[in-house]
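[1] let's see this in three dimensions:
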Amino acid sequence: MNEVMLSGDNYTLVYNALSFGTAVMFGAFVYFLTQINSVSKAYRSGVAVSAVVVGIAGYHYYRMWSGFADYEMNEGYRYADWLITVPLLVIELLIVLGVSNEIRKGLMWKLVPATVLMIGLGYPGEVSSDNGTKWLWWVLAMIPFVYILWVLYGQLQAASSRESGAVAGAIKKATAVLLVTWCVYPIAYLFPVFDASSEGLEVLRQVGYTFADITAKALYGLMILGIAKARTANES
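    As a prediction, the model looks like this:
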(Lines give C-alpha, C1' and ligand atoms only; values in the text may rest on other atoms or scores of the structure.)
Protein backbone atom coordinates (compact mmCIF):
# COMPACT_ATOMS: atom_id res chain seq x y z
CA MET A 1 0.00 0.00 0.00
CA ASN A 2 1.47 3.36 -1.05
CA GLU A 3 0.78 6.82 0.27
CA VAL A 4 -0.89 9.02 -2.35
CA MET A 5 1.44 11.88 -3.28
CA LEU A 6 -1.01 13.72 -5.52
CA SER A 7 -2.44 17.10 -4.60
CA GLY A 8 -5.02 19.64 -5.75
CA ASP A 9 -6.66 19.01 -9.10
CA ASN A 10 -4.49 15.94 -9.74
CA TYR A 11 -5.81 14.24 -6.62
CA THR A 12 -9.38 15.24 -7.44
CA LEU A 13 -9.14 13.90 -11.00
CA VAL A 14 -7.96 10.46 -9.92
CA TYR A 15 -10.48 10.39 -7.05
CA ASN A 16 -13.31 11.18 -9.47
CA ALA A 17 -12.04 8.62 -12.00
CA LEU A 18 -12.07 5.88 -9.34
CA SER A 19 -15.53 6.98 -8.23
CA PHE A 20 -16.77 6.90 -11.82
CA GLY A 21 -15.22 3.47 -12.35
CA THR A 22 -16.98 2.15 -9.25
CA ALA A 23 -20.35 3.49 -10.41
CA VAL A 24 -19.97 2.13 -13.95
CA MET A 25 -18.98 -1.35 -12.78
CA PHE A 26 -21.87 -1.70 -10.33
CA GLY A 27 -24.31 -0.20 -12.84
CA ALA A 28 -23.15 -2.64 -15.52
CA PHE A 29 -23.46 -5.50 -13.02
CA VAL A 30 -27.15 -4.77 -12.48
CA TYR A 31 -27.78 -4.27 -16.19
CA PHE A 32 -26.15 -7.54 -17.25
CA LEU A 33 -28.17 -9.44 -14.65
CA THR A 34 -31.37 -8.05 -16.20
CA GLN A 35 -30.25 -9.17 -19.67
CA ILE A 36 -29.42 -12.83 -19.02
CA ASN A 37 -32.85 -14.07 -20.09
CA SER A 38 -32.85 -11.89 -23.21
CA VAL A 39 -30.59 -14.37 -25.03
CA SER A 40 -30.91 -18.07 -25.78
CA LYS A 41 -29.78 -20.62 -23.21
CA ALA A 42 -26.56 -21.36 -25.08
CA TYR A 43 -25.28 -17.82 -24.46
CA ARG A 44 -26.73 -17.00 -21.04
CA SER A 45 -23.60 -18.17 -19.26
CA GLY A 46 -21.58 -15.68 -21.33
CA VAL A 47 -23.79 -12.79 -20.18
CA ALA A 48 -23.67 -14.12 -16.61
CA VAL A 49 -19.88 -14.11 -16.74
CA SER A 50 -20.01 -10.49 -17.90
CA ALA A 51 -22.04 -9.68 -14.79
CA VAL A 52 -19.55 -11.51 -12.56
CA VAL A 53 -16.63 -9.62 -14.16
CA VAL A 54 -18.06 -6.14 -13.53
CA GLY A 55 -19.32 -7.15 -10.08
CA ILE A 56 -15.82 -8.21 -9.02
CA ALA A 57 -14.33 -5.09 -10.62
CA GLY A 58 -16.89 -2.90 -8.84
CA TYR A 59 -15.86 -4.33 -5.47
CA HIS A 60 -12.16 -3.72 -6.09
CA TYR A 61 -12.79 -0.23 -7.46
CA TYR A 62 -14.79 0.60 -4.35
CA ARG A 63 -11.87 -0.55 -2.19
CA MET A 64 -9.40 1.55 -4.22
CA TRP A 65 -11.70 4.58 -4.16
CA SER A 66 -12.34 4.39 -0.41
CA GLY A 67 -8.62 3.93 0.25
CA PHE A 68 -7.76 6.82 -2.01
CA ALA A 69 -10.07 9.02 0.06
CA ASP A 70 -7.66 8.35 2.95
CA TYR A 71 -4.64 9.11 0.72
CA GLU A 72 -3.68 5.46 0.35
CA MET A 73 -3.40 3.52 -2.92
CA ASN A 74 -3.18 -0.27 -2.90
CA GLU A 75 -2.18 -1.49 -6.36
CA GLY A 76 -2.76 -5.02 -5.12
CA TYR A 77 -6.50 -4.46 -5.55
CA ARG A 78 -6.01 -3.86 -9.29
CA TYR A 79 -3.98 -7.01 -9.70
CA ALA A 80 -6.32 -9.10 -7.57
CA ASP A 81 -9.14 -7.86 -9.80
CA TRP A 82 -7.25 -8.58 -13.01
CA LEU A 83 -6.16 -12.01 -11.79
CA ILE A 84 -9.83 -13.00 -11.49
CA THR A 85 -11.51 -11.00 -14.25
CA VAL A 86 -9.07 -11.29 -17.18
CA PRO A 87 -9.45 -15.09 -17.45
CA LEU A 88 -13.23 -14.59 -17.20
CA LEU A 89 -13.10 -12.04 -20.06
CA VAL A 90 -11.51 -14.70 -22.24
CA ILE A 91 -14.10 -17.28 -21.20
CA GLU A 92 -17.10 -15.03 -21.88
CA LEU A 93 -15.82 -14.30 -25.38
CA LEU A 94 -15.27 -17.97 -26.22
CA ILE A 95 -18.81 -18.81 -25.08
CA VAL A 96 -20.46 -16.51 -27.64
CA LEU A 97 -18.07 -16.99 -30.57
CA GLY A 98 -19.85 -20.11 -31.77
CA VAL A 99 -16.84 -22.45 -31.70
CA SER A 100 -17.30 -26.13 -30.90
CA ASN A 101 -17.00 -27.33 -27.30
CA GLU A 102 -13.80 -29.20 -28.14
CA ILE A 103 -12.13 -26.11 -29.62
CA ARG A 104 -13.42 -23.92 -26.78
CA LYS A 105 -11.97 -26.21 -24.12
CA GLY A 106 -8.64 -26.33 -25.95
CA LEU A 107 -8.48 -22.54 -26.14
CA MET A 108 -9.38 -22.17 -22.47
CA TRP A 109 -6.58 -24.53 -21.46
CA LYS A 110 -4.15 -22.34 -23.41
CA LEU A 111 -5.45 -18.84 -22.74
CA VAL A 112 -6.54 -18.94 -19.09
CA PRO A 113 -3.06 -19.98 -17.81
CA ALA A 114 -1.53 -17.37 -20.12
CA THR A 115 -3.68 -14.62 -18.56
CA VAL A 116 -2.67 -15.69 -15.05
CA LEU A 117 1.00 -15.72 -16.11
CA MET A 118 0.67 -12.26 -17.68
CA ILE A 119 -0.83 -10.71 -14.52
CA GLY A 120 1.61 -12.50 -12.23
CA LEU A 121 4.62 -11.32 -14.24
CA GLY A 122 3.37 -7.74 -14.33
CA TYR A 123 2.91 -7.26 -10.59
CA PRO A 124 6.58 -7.27 -9.43
CA GLY A 125 7.39 -4.50 -11.89
CA GLU A 126 4.29 -2.52 -10.99
CA VAL A 127 5.22 -2.27 -7.31
CA SER A 128 8.97 -1.82 -7.85
CA SER A 129 10.61 1.61 -7.73
CA ASP A 130 13.55 0.47 -9.86
CA ASN A 131 13.24 1.21 -13.58
CA GLY A 132 15.36 -1.76 -14.60
CA THR A 133 13.07 -4.08 -12.65
CA LYS A 134 10.00 -2.47 -14.21
CA TRP A 135 11.38 -2.98 -17.72
CA LEU A 136 12.36 -6.59 -17.01
CA TRP A 137 8.92 -7.63 -15.77
CA TRP A 138 7.19 -5.56 -18.45
CA VAL A 139 9.06 -7.45 -21.19
CA LEU A 140 8.33 -10.80 -19.56
CA ALA A 141 4.62 -9.97 -19.14
CA MET A 142 4.40 -8.84 -22.76
CA ILE A 143 5.18 -12.35 -23.99
CA PRO A 144 1.89 -13.92 -22.78
CA PHE A 145 0.16 -10.58 -23.50
CA VAL A 146 1.05 -10.71 -27.21
CA TYR A 147 0.22 -14.43 -27.37
CA ILE A 148 -3.26 -13.89 -25.87
CA LEU A 149 -4.07 -11.00 -28.21
CA TRP A 150 -2.79 -12.93 -31.23
CA VAL A 151 -4.96 -15.97 -30.44
CA LEU A 152 -8.08 -13.95 -29.58
CA TYR A 153 -7.71 -11.74 -32.65
CA GLY A 154 -7.40 -14.84 -34.83
CA GLN A 155 -10.51 -16.38 -33.27
CA LEU A 156 -12.48 -13.15 -33.69
CA GLN A 157 -11.43 -12.82 -37.32
CA ALA A 158 -12.31 -16.45 -38.01
CA ALA A 159 -15.70 -16.04 -36.33
CA SER A 160 -16.36 -12.83 -38.28
CA SER A 161 -15.58 -14.55 -41.59
CA ARG A 162 -18.01 -17.37 -40.74
CA GLU A 163 -20.86 -15.00 -39.98
CA SER A 164 -22.83 -12.34 -41.78
CA GLY A 165 -25.18 -9.50 -40.94
CA ALA A 166 -25.63 -8.42 -37.34
CA VAL A 167 -23.49 -11.21 -35.88
CA ALA A 168 -20.48 -10.30 -38.03
CA GLY A 169 -20.92 -6.62 -37.19
CA ALA A 170 -21.08 -7.33 -33.45
CA ILE A 171 -17.94 -9.46 -33.63
CA LYS A 172 -16.04 -6.73 -35.50
CA LYS A 173 -17.00 -4.19 -32.81
CA ALA A 174 -15.79 -6.57 -30.11
CA THR A 175 -12.50 -6.98 -32.00
CA ALA A 176 -11.95 -3.22 -32.10
CA VAL A 177 -12.73 -2.81 -28.38
CA LEU A 178 -10.41 -5.71 -27.51
CA LEU A 179 -7.42 -4.37 -29.45
CA VAL A 180 -7.73 -0.72 -28.45
CA THR A 181 -8.44 -1.39 -24.79
CA TRP A 182 -5.76 -3.98 -24.12
CA CYS A 183 -3.05 -1.80 -25.68
CA VAL A 184 -3.69 0.91 -23.05
CA TYR A 185 -2.46 -1.29 -20.18
CA PRO A 186 1.21 -1.78 -21.16
CA ILE A 187 1.51 1.91 -22.06
CA ALA A 188 0.08 3.12 -18.73
CA TYR A 189 2.31 0.61 -16.91
CA LEU A 190 5.44 2.39 -18.18
CA PHE A 191 4.55 5.96 -17.20
CA PRO A 192 6.49 5.80 -13.86
CA VAL A 193 9.60 4.75 -15.82
CA PHE A 194 9.70 8.12 -17.60
CA ASP A 195 9.45 10.16 -14.37
CA ALA A 196 8.38 8.51 -11.13
CA SER A 197 8.04 11.88 -9.39
CA SER A 198 5.70 13.40 -12.00
CA GLU A 199 2.17 13.92 -10.71
CA GLY A 200 0.92 14.31 -14.26
CA LEU A 201 2.23 10.91 -15.34
CA GLU A 202 0.79 9.27 -12.22
CA VAL A 203 -2.58 10.81 -13.05
CA LEU A 204 -2.31 9.47 -16.61
CA ARG A 205 -1.43 6.01 -15.27
CA GLN A 206 -4.36 5.82 -12.86
CA VAL A 207 -6.87 7.37 -15.26
CA GLY A 208 -5.51 5.21 -18.10
CA TYR A 209 -5.96 2.03 -16.09
CA THR A 210 -9.48 3.10 -15.09
CA PHE A 211 -10.45 3.95 -18.67
CA ALA A 212 -9.08 0.62 -19.88
CA ASP A 213 -10.91 -1.31 -17.16
CA ILE A 214 -14.23 0.37 -17.96
CA THR A 215 -13.92 -0.40 -21.66
CA ALA A 216 -12.41 -3.88 -21.20
CA LYS A 217 -15.11 -4.95 -18.75
CA ALA A 218 -18.29 -2.88 -19.02
CA LEU A 219 -18.13 -1.85 -22.70
CA TYR A 220 -16.69 -5.21 -23.72
CA GLY A 221 -19.52 -6.88 -21.82
CA LEU A 222 -21.96 -4.89 -23.93
CA MET A 223 -20.18 -6.17 -27.05
CA ILE A 224 -20.52 -9.74 -25.78
CA LEU A 225 -24.20 -9.14 -25.07
CA GLY A 226 -24.60 -7.76 -28.60
CA ILE A 227 -23.07 -10.88 -30.12
CA ALA A 228 -25.30 -13.11 -27.96
CA LYS A 229 -28.43 -11.17 -28.94
CA ALA A 230 -27.52 -11.23 -32.62
CA ARG A 231 -26.97 -15.00 -32.50
CA THR A 232 -30.24 -15.47 -30.62
CA ALA A 233 -32.14 -13.46 -33.25
CA ASN A 234 -30.59 -15.54 -36.06
CA GLU A 235 -31.47 -18.80 -34.36
CA SER A 236 -35.07 -17.80 -33.80
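
[2] CA atoms for contacts and neighbours, from now on please.
    Will do.

[3] in the chain, which spans are strands?
    2-3, 72-73 (DSSP state E).

[4] and those strands, which is most packed in?
    Most buried of these by mean neighbour count (mean count of other Cα atoms under 10 Å) is strand 72-73; its value is a mean of 18.

[5] what sits up against that strand?
    Applying Cα atoms under 8 Å, 6 or more residues apart in numbering, the contact partners of strand 72-73 are 1-4, 64, 67.

[6] about what we covered before: lowest average confidence across the strands of the chain, which one?
    Note on the strands of the chain: strand 2-3 shows the lowest mean pLDDT, a mean of 72.

[7] who does that one pair up with?
    strand 72-73 (antiparallel) (DSSP bridges).

[8] show me what contacts the residue lying closest to L178 once chain neighbours are set aside?
    Excluding the flanking residues, the one nearest L178 by Cα to Cα, 6 or more residues apart in numbering is A216, at 6.9 Å. By Cα under 8 Å, 6+ apart, the residues touching A216 are 177-178, 181-182.

[9] please apply the same query to M108.
    Residues near M108 by Cα under 8 Å, 6+ apart: 90-91.

[10] against V151, how distant is it?
    11 Å (Cα to Cα, to the nearest Å).

[11] and I119, by the same measure?
    Separation of I119 from V151 (Cα to Cα): 17 Å.

[12] which of these two has more neighbours?
    Neighbours around I119 and V151, counted as other Cα atoms under 10 Å, are more numerous at I119. The numbers are 21 against 14.

[13] which residues does the helix or strand bottoming out on mean pLDDT in the chain contact?
    None of the helices or strands of the chain scores lower by mean pLDDT, DSSP states H and E than strand 2-3, at a mean of 72. By Cα under 8 Å, 6+ apart, the residues outside strand 2-3 that reach it are 71-74.
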